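Novice: Fold the following and give me the result.
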Amino acid sequence: MNLRRVVFSKKIFWVGLGLLAVAVRAVAPAGVIEEYYSRGLFLFIRKIFGFTTNWLPFALVYILFFLLLFWLLKSAFSFYKNTGKWQKKILGAVASMFAFAGGAVFFFLVLWGYNYGRIPLEKQLKIEPKPLTANELEQELGFAAERAWHFRALLETGTDSVVSAKYLPADLERTMRSCLTKKLNGFGYPTPGRVRGRLLYPKGLLLRTGTAGVYVPFTGEGHVDPGLHYLQLPFVLAHEMSHGYGFGDEGTCNFLAYLACTGSGNDFLQYTGYLYYWKYVAADYRKYRPEKYKKIWAELPPEIKYDLRGIRREMDKYPDIFPAIRDAAYSSYLRAQGISEGLKNYNRIIMLVHAQREEGLKKGY
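Specialist: You can find the predicted model right below:
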């Protein structure tokens with residue numbers, strides 16, 4: 001048997017597998033994905049990840065990184081040592097890259113990515129999120145500020161005027177996972193396998209690329225940057241764990257993180273949830289009414305402003321690297337997964353929170 005033909009056939013196989021996986025994603029209805037993947041195959045995958053990653057004292061992504069680095073070096077060495085014609089060398093290298101891409105796409109979709117096509121959370125909750133007017137945004141801003149101040153007033157201020165870190169739960173990962181799974185189970189979603197929320201070192205690795213956390217489908221773990229301010233950690237941890245339980249939409253994961261924090265029963269966690277939500281609403285509102293926003297900011301309780309400034313000071317330590325390129329690349333990725341609004345998808349939290357509150361008011365709770 002010709003060895004070159006065997007190798008080439010394997011490369012074609014992986015390219016074909018990747019294309020097949022993409023084709024399935026393109027044609028499969030949301031109901032089919034929800035029933036047979038998100039509530040079927042994915043639950044089995046989640047259990048396996050829960051069993052294999054729970055016992056590791058470090059993030060599995062480090063091993064994945066070194067394996068990838070080893071493969072790249074091995075491929076480069078093989079290319080250099082190949083004494084064949086340069087045309088065949090280049091053709092072989094291109095074929096290898098396509099095969100790698102095909103395999104990566106296949107495993108990305110099978111291990112987690114098909115969740116992008118599941119039935120939206122809002123249909124499960126029977127709510128109808130809609131874009132908010134400037135007046136409605138202003139009402140949400142007032143609601144978030146009032147709730148944030150209610151819980152902030154219950155907490156002591158540290159010596160630097162920012163709320164003390166002593167309120168952060170000792171086992172934050174376990175606490176946030178418990179809060180999140182309780183919410184998801186209440187909505188009728190199964191949550192098998194413990195999703196890990198790891199700190200990914202070195203500090204600033206994620207923040208310098210414009211993100212606070214990342215979920216890696218190939219390892220089944222969520223990761224957050226340890227450079228985050230402690231007031232940000234609960235929300236971001238819950239967000240990444242939400243990805244791990246089968247939700248791809250960024251706005252949905254923000255909404256679930258908000259619910260996990262604000263429904264925790266812990267004053268500090270509830271404060272961080274409303275504070276994070278206030279920041280999202282404020283970012284949208286000031287685009288429409290910048291002058292009115294200045295007045296609203298001036299009227300915020302000093303303690304909340306201290307905390308927001310404390311977060312900003314911490315974030316300023318890790319400025320973005322090539323933010324325009326990063327935003328364009330990630331927006332393209334989200335659109336490729338069927339999220340047409342790209343990075344703006346993160347702000348769907350506002351529509352979801354508002355819609356849920358409106359539905360609650362209609363039902364009298």
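Novice: For the residue most central in space within the chain, what is the enclosing helix or strand?
Specialist: Nearest to the geometric centre of the chain sits E240, at 4.5 Å (CA atoms, centre = their mean). Assigned by DSSP states H and E, E240 belongs to helix 233-244.
Novice: which residues sit in contact with the closest residue to S38 other than its chain neighbours?
Specialist: Spatial nearest neighbour of S38, excluding adjacent residues (CB to CB, 6 or more residues apart in numbering): R118 at 4.3 Å. In short, each C-beta sits where N, CA and C put it, glycine included. With contact set as CB atoms under 8 Å, 6 or more residues apart in numbering, R118 has these partners: 30, 33-34, 37-38, 246-248.
Novice: and which of those residues is nearest to T175?
Specialist: T175 lies nearest to F247 out of the contacts of R118, by CB to CB, at 19.7 Å.
Novice: list the buried ones in stretch 18-26?
Specialist: Judged by neighbour count using 16 or more other CB atoms under 10 Å, the buried positions of stretch 18-26 are 18, 21-22, 24-25.
Novice: Might you list the low-confidence residue ranges for the stretch 101-250 of the chain?
Specialist: 158-160 (pLDDT under 70).
Novice: ranges for the helices of it?
Specialist: 121-125, 134-152, 172-186, 233-244, 250-262 (DSSP state H, counting those that start in this stretch).
Novice: For burial, what's the neighbour tally of G251?
Specialist: Number of residues near G251 (other CB atoms under 10 Å) recorded here: 24.
Novice: Show the model's pLDDT score for it.
Specialist: If you check G251, the pLDDT there is 92.
Novice: Buried by neighbour count: which residues of stretch 263-277 qualify?
Specialist: 263-264, 266, 268-277.
Novice: quick revisit: with only the CA atoms kept, save the helix holding E240 in PDB.
Specialist: Extracted in PDB, the C-alpha atoms of helix 233-244 (Å, rounded to 0.1, in the frame of the first residue of the first chain):
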ATOM      1  CA  LEU A 233     -15.200  37.500  39.400                       C
ATOM      2  CA  PRO A 234     -18.700  36.100  40.400                       C
ATOM      3  CA  PHE A 235     -20.500  37.300  37.300                       C
ATOM      4  CA  VAL A 236     -17.700  36.300  34.900                       C
ATOM      5  CA  LEU A 237     -17.400  32.800  36.500                       C
ATOM      6  CA  ALA A 238     -21.100  32.200  36.200                       C
ATOM      7  CA  HIS A 239     -21.100  33.500  32.600                       C
ATOM      8  CA  GLU A 240     -18.300  31.000  31.500                       C
ATOM      9  CA  MET A 241     -20.000  28.100  33.500                       C
ATOM     10  CA  SER A 242     -23.200  28.900  31.600                       C
ATOM     11  CA  HIS A 243     -21.400  28.200  28.400                       C
ATOM     12  CA  GLY A 244     -20.300  24.900  29.900                       C
END
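Novice: Surely A148 is in contact with V281?
Specialist: No: contact status for A148 versus V281: not in contact, 10.9 Å apart, counting by CB atoms under 8 Å.
Novice: Ok, which of the helices of the stretch 101-250 of the chain comes nearest Q356?
Specialist: Per CB to CB, nearest to Q356 of the helices of the stretch 101-250 of the chain: helix 121-125, 6.9 Å.
Novice: which residues sit against the closest one?
Specialist: Under CB under 8 Å, 6+ apart, the answer for helix 121-125 is 128-129, 187-189, 247, 249, 252, 255-256, 352, 355-356, 359.
Novice: quick revisit: will you turn the helices of the stretch 101-250 of the chain into JSON lines that also has distance to S75?
Specialist: As requested, those are exported to JSON lines (distance: least, CB to CB, whole Å):
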{"stretch": "helix 121-125", "distance to S75": "41"}
{"stretch": "helix 134-152", "distance to S75": "51"}
{"stretch": "helix 172-186", "distance to S75": "36"}
{"stretch": "helix 233-244", "distance to S75": "30"}
{"stretch": "helix 250-262", "distance to S75": "33"}
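Novice: Return the most buried member of those helices.
Specialist: helix 233-244 (a mean of 27; mean count of other CB atoms under 10 Å).
Novice: Against which helices or strands is that helix packed?
Specialist: When contacts are defined as 3 or more CB pairs under 8 Å, 6 or more residues apart in numbering; DSSP states H and E, helix 233-244 packs onto helix 172-186, strand 196-199, strand 213-216, strand 221-224, helix 250-262, helix 267-288.
Novice: Out of the ones you listed, which gets nearest to K11?
Specialist: The nearest among the helices and strands packed on helix 233-244, by CB to CB, is strand 213-216 at 24.9 Å.
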